[in-house]
Every structure is written in structure tokens, then in C-alpha cells.
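**Student:** One predicted model, sequence on top.
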Amino acid sequence: MRGRAAAFVVLLAALTQLRPSAQSSSRPAERQSFMSTATAILVDVVVRDKKGHPVTDLSAADFRVTEDGIPQKVDSFTRVSHGSGIGIDVAWRSPAPVVAIAGAGTTLSPAAAEAEAATTALVFDHLSAESLRLAQKATLEFVPMAGESSARVGVFATDPGVRVIQAYTTDRTRIRQGVEKVMASGTSTEEQKAQRMDELLDRRRELATQTQSAESSAASALGGAATRVASEIGARETELQLLQTELNMIRSFDYLDRGHRGYDTSLALLSVIETLAYTPGRKTIVFFSEGLPVTPALSAKLDAVIDAANHANVTTYAIDAKGLRSKSSLANVRKEMEAFSEERLGQVVTGTDRSQQPLTMGLERVEDTLKLDSRTGLARLAEETGGFLVDETNDLSSAFRRIDEENQFHYLLTYSPTNTELDGKFRAIQVKVKRPGTQVFARKGYRAIRSALPATTDSYESPALALLAKTPLPNAFPVHAAAFSFPDPVRPGLTPILAEVRTSALRFVVDTQRSTYEARAAIVVRLLDGAGHLVQKLSQQYVLTGEAKDVEAAKNGEILFYRDPDLAPGVYTIETIVFDGMAHQGSARVTTLSVPAVQSPSLAMSSLVLVSRIDQVNDPPSSEARSAAPLYVGNRLFYPNLGESIHRASVSELPFFFTLYGTDTIHPDGAFVQLLRNGQPVAEGPLQLAAATGARIQHVGRLPVGSLPAGTYELRVRIVTAGNEISRTAFFTLQD
């Protein structure tokens, strides 16, 4: 019991959620269908000749589009030409912006085309001082000193998370100021760590050479000389062991730190993509980074970023910030390979492994360093979203000019896919033109799911989200889900969200050869506002494994999903889907929640929570942490009833609790509790509130239910103050 409570506490303490991004642009209705369903797919296409010049005279008949190798009919063909970009003197020479739509017989007016101007996000990712200085210099040289253009530009930084340095604007002065405000991230630590690694490796080589020389002379030494040589060899061996221990520590920290930064970068890019999701016109990200890891742990996150960009039709241009520096990005790769070779050669010669690590770990470290090379992750991100990678150069003028050209002139193709199944699978798109000697740049595909925002999903989320498109909603096994409002003054929109499924409902696969079992479940929650727009998406994958002999015990458990995002006042629809990854089936639940607007000073009340279980936590978090955890009352952790029926034979009392906020300024005049059935009162009476703790009252009560007949009941609590009344209700069902 204590272990389960501790796991729940960890969820409470460790949760970090992205806040919904503010959307400054309205949603163009003509583009919304391309983003929210798979019934019409839009693809931005850039075509260049052998010399790299844009090809501008193609027609619809010149294009051929396939999806998963199957030819598709192009429904509309749009030639977009704008007269301005973000840089200096890169204007596309055209009498007026023209958008000609094949088959429609119409041409948009210059004013309408101007509304479709390009939007560019400049994203600076964890750059060292030298890389940032060169990236800023190159960007500022390209962006004009003043003036405006129809192209919108925003400036973002990731260190960690995402910071909006400058919101999207057409004012070039503000853009330049935003670029200048970006600060370097952890530069001294990174440089000191690299310098210390070089010192340790150099010293190790020096000691190894000295030891070999001493061992050669030890054979001919006699008496005191031999003793002295042996003592020196022992001292060097001790230093080598200490040196290797420090090397292992630095490498372990570097691996963890790299993974942490890669995770932060992925979330930051997803947030930037969300800001572009409903923006009209061509949407691009210019991403300055010193490397984007694609290790197995981070590969799924990179896939999610690429899926999101493709779903939102966002093109990414990646700039290797290390390539702007004089030091090659391959230096670290060469260094790791040399260090690995030295360690293993020493092991063969001496028969001693000073690294104290298995051979596979050294190989994985070299492989990881290779994958960190910016031309892997950054290249994937750029090429699979229709952009390109800029590396091994400190001259960005030609790259910026090419980006401007592609923003100002490109083709838009739309088609209705012949495969209309929204199954969450990836659909590969290939665009070709009939003219020989040309290069085509376009996104590589999309993931077929129903989504109000781009598919910012991990791979385990896609099949779960696909089930939400089915009618009726699936109900393969029992699932319970609920959401509650706790308007804490510090976090007025605090909204605990829980979902629960018994592991017995999942399919367990037993591997008889390995004598192991495995089950997989994914829980995905979508929060939609009153207009049906996606506000947040929360998810978690659960992989259950163990020895085959323990499979029956594993089936007798539960999975409890918990998140507590902050929501703005309003009414929300909460969609919860639990997907069984082995059985490829799931169950969905849809609930609503009202998040009240709280004004200070004012007495606010949380949801009325019915309780299924209370755990006494022997090692609870600090009192400050508990005050921020809505389901803690003192040292007790409350597990809400999420809609399960209550059996009278096993439960004589039903615990409930709620929290009042603002009690240091406004004191309740009275509290009353009422039990109703079919809208008619069964029992009612005054409620003696618990003592206040600071600015809140956490009240825990118990309702006798053992003598009540079976049926559905409503529990209502009313708080009266200064002539006003606050009430909260909760429903439950009693069974024999």
C-alpha cells in the first residue's frame, strides 16, 4: 500500500505541463479542414532546377502525387507568389501577389493574398556563447534595420521549455531586438566539462605511457630501485583508477543531461508548432541548434515533432549552430572513438578493465555520440518536413535568401486521399514533377488521426486517438475517469484529472521461451474548450512486464493516471481513451467540467469529491508540497471515486471531502449537507466545518450509506456567506 501511495505522490510532485499557447490569429475556415481531418490534405511544394533556382512556371498537369505509393488525384493546384520576405532585397519580382487556383477559374485579390503572407518562427535552442553570437550576427545581418513587411516573424528560445522572446510581428525593429535578447544556455558548464574531459584523457595517455616505460625498466632493476619502480607503478595505477571514475561520472551525467535537453527541445518545438497551427499562409521554423539527439529514448519524441509539423503543414529549416564555429562537430565523435579504442586496447594488453563498464556500454556511448551529430537529428527534422539542413558553414546569407525565396514562391496542392481510414498510421506522401533535372521539396507524409490541433503525439498515442473518431465511441472494457476543480489562489485553474483501469481488463502476452509476460496500455486525455477547440492533451504509456510465473498477480492490479493542469475559467469537455496495445482495442469516456472564475477577495469552493480509498502516507512530501497537492489532507492521501458503483455489503460509510479557499478574509456563515434521490430530499442538516489552516479549510466528512436502499443518489453541500451561497454536488450509485 505504501509503495502505491508513494508512486502516486511522485506523480503529484513530478508533473510538469505546458500551458496552452495563446493564438493570435483567427482560424481560416478554408484551411481548417486540411488540419483537422484526413478528408483533404494540403502540401506545400518547392521546385528547383539543377542550379538551385526556383521553377515558377509549372502547372497542375506537371505534378504527380502518391500516398503510400498509390497515385492520388490533385483536387486543387495553387501557385503562390508574394512580394516580400523577412530579409533585405529578397523581394519576389511580381506585379502583385497572385494565387491562381487550378480548376476554380478564379484569382484571389492582392489583399486576400496578402492575408496569406508567410509566418516564420526563429527558434534558438540551448546555444553556447560562441554559437549564439554567430547565429545572432548572421540573423541580424539578414533582417533589415527597420520597416515592415507582410511576413510575420516570432523569436523563441528553449532553455528549458519555450520562451516567447518576441511574439509574431511584421515590425523588423522589434524582431531585431528580440534576436538580440536571446541569452546563451549553460555555456560555462558545457565548456568546462569538455575541457575537463580533454585534460583527463590526456593525463590518462600520459600515465599509460609512463607505466609501460616503468614496467620495461622494472625487469632489470634490482633492490631498492625495483621497490621504487613498483611503488611508482602502484601510485600511477591508483591515479588511473581515480581518473577513470571521474571520466565515468562525467559521461553518465552527460548522457542524462543530453536526454533531458533533448526532451525539453522536443516539447519546445511542439509548442512553437502549436502557435503556427492555424496561421494562414506558408509556415516555417528556422531552428538554430547544436545538435538534436536521436537516441532510442528520444527517437519517439523526434517522430512526434515531425508528425506535428507535417500535420500542421509547417516546414522546418535546421541550422547547425556548431557548423558556425571553427571547431568541427565531428571532434566529439573522433574523441569518443579514440577514448574507446584506448580503453579496450589497454584491457587487452594489461588484462585489466579500468573503465569498470561493460563493452556494450562503450559501444553505445560511441553510437550515441554519432547520433548526436547535428547532421542526423537535425537533418531528419528538416528533410522530413520539406526543409533543408544548413551545416559546416558560417555563411548563412545564401541559406536565408533561399528560405525567403521558398516563403515567397511555392505551390500548394490538395488531394482527397483514397484511404479514408483514420487509424493513426503514417501515410507517406511523395510529390514528383514531370520536368527532368528538378528537385522537389515537400513534407514526407502525415499521420491519419482526427485532431483539432496538429498531431503532437507520441507513437503510442496515435492508435488511441484514432478510436475517438469512431461512432459510437468504443467500450471494450470498464474504464472510470473524472475531473475536479480546486480553485487555489496560487493556481486558480488547478484541475485534477484521473483515469483508472483494472489490469485484468488488458491482454497479457506470455513468451514461453523467455518465461516473461508483457502488457501495454496507453491513456490519452484531451481537453476541449466550449467551442470544441483542443486546449491540452495529456498522456502516459504503461508497459507491464515480469516473469511468467507472476502473470496472474499482475492481472490483479490497477493503473491510475493522474494530471493536474491549470485551466482558464470556462466549460470543458474531457475525452479520455484507454488503449490496450496488445489487443488493439480500447474504451473512451467523455465528461464535462466547469472551471469557475474566481475574484479576489472571494470565498471559493472546490469540487465535492467522493472518496474510494484513503491511504496514510508514512513518508509524505513537505507541508509546502502538500499544500499544493489537492488530494492531500494532512498525511492522508485521498483517492477519488471516479464513478464506480458502491456495494452496501462492503461499505457502511462513504467518505467525502472539499476545500474552501479565501477563509482568512471571508468566513462562512454556515454549511449544510443534503442527500437527494430522484430530486427529492432524503436527509439534510447542518455541517460542522473543520478548522481553517491558513487561507483554506479542508473538510472531510462521512455519509452513512449502509441502511440506504439501492439506487442513485445526489450529495449536495451548501456554503452560505454574506447572503450568498456556493453549492457543489456529487452523484453515486449504491448496489446490493
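**Tutor:** Now that the structure is in, tell me what you want to look at. Being a predicted model, the structure only gives us computed values, none of them experimental.

**Student:** For the rest of this, base every contact and every neighbour count on C-alpha atoms.
**Tutor:** Noted.

**Student:** For the nearest residue to residue 268 once chain neighbours are set aside, give me its contacts.
**Tutor:** Among residues not flanking residue 268 along the chain, residue 162 sits closest, at 4.9 Å (CA to CA, 6 or more residues apart in numbering). With contacts defined as CA atoms under 8 Å, 6 or more residues apart in numbering, residue 162 is in contact with 156, 267-269, 271-272.

**Student:** Export the residues you listed as JSON lines, with columns for secondary structure, distance to residue 508 and neighbour count.
**Tutor:** Shown next, in JSON lines, are the contacts of residue 162 (DSSP: H, G, I helix; E, B strand; the rest coil; distance: CA to CA, whole Å; neighbours: other CA atoms under 10 Å):
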{"residue": "156", "secondary structure": "strand", "distance to residue 508": "45", "neighbour count": "23"}
{"residue": "267", "secondary structure": "helix", "distance to residue 508": "32", "neighbour count": "23"}
{"residue": "268", "secondary structure": "helix", "distance to residue 508": "36", "neighbour count": "24"}
{"residue": "269", "secondary structure": "helix", "distance to residue 508": "36", "neighbour count": "26"}
{"residue": "271", "secondary structure": "helix", "distance to residue 508": "36", "neighbour count": "22"}
{"residue": "272", "secondary structure": "helix", "distance to residue 508": "39", "neighbour count": "22"}
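
**Student:** for the stretch 501-650 of the chain, which spans come out with low pLDDT?
**Tutor:** Within the stretch 501-650 of the chain, the stretches with pLDDT under 70 are 600, 619-628.

**Student:** Mind jotting down where the strands sit in it?
**Tutor:** Using DSSP state E, counting those that start in this stretch, the strands found in the stretch 501-650 of the chain span residues 509-511, 516-528, 534-547, 558-563, 570-580, 585-595, 604-605, 609-616, 632-633, 636-640, 646-647.

**Student:** Dump those strands into JSON lines; add mean neighbour count as well.
**Tutor:** As requested, the strands of the stretch 501-650 of the chain are exported to JSON lines (neighbours: other CA atoms under 10 Å):
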{"stretch": "strand 509-511", "mean neighbour count": "15"}
{"stretch": "strand 516-528", "mean neighbour count": "21"}
{"stretch": "strand 534-547", "mean neighbour count": "17"}
{"stretch": "strand 558-563", "mean neighbour count": "18"}
{"stretch": "strand 570-580", "mean neighbour count": "23"}
{"stretch": "strand 585-595", "mean neighbour count": "19"}
{"stretch": "strand 604-605", "mean neighbour count": "24"}
{"stretch": "strand 609-616", "mean neighbour count": "18"}
{"stretch": "strand 632-633", "mean neighbour count": "20"}
{"stretch": "strand 636-640", "mean neighbour count": "20"}
{"stretch": "strand 646-647", "mean neighbour count": "17"}
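
**Student:** So which of those is nearest residue 437?
**Tutor:** Residue 437 lies closest to strand 534-547 among the strands of the stretch 501-650 of the chain, at 43.4 Å (CA to CA).

**Student:** for the closest one, packing partners?
**Tutor:** If you count contacts as 3 or more CA pairs under 8 Å, 6 or more residues apart in numbering; DSSP states H and E, strand 534-547 packs onto strand 516-528.
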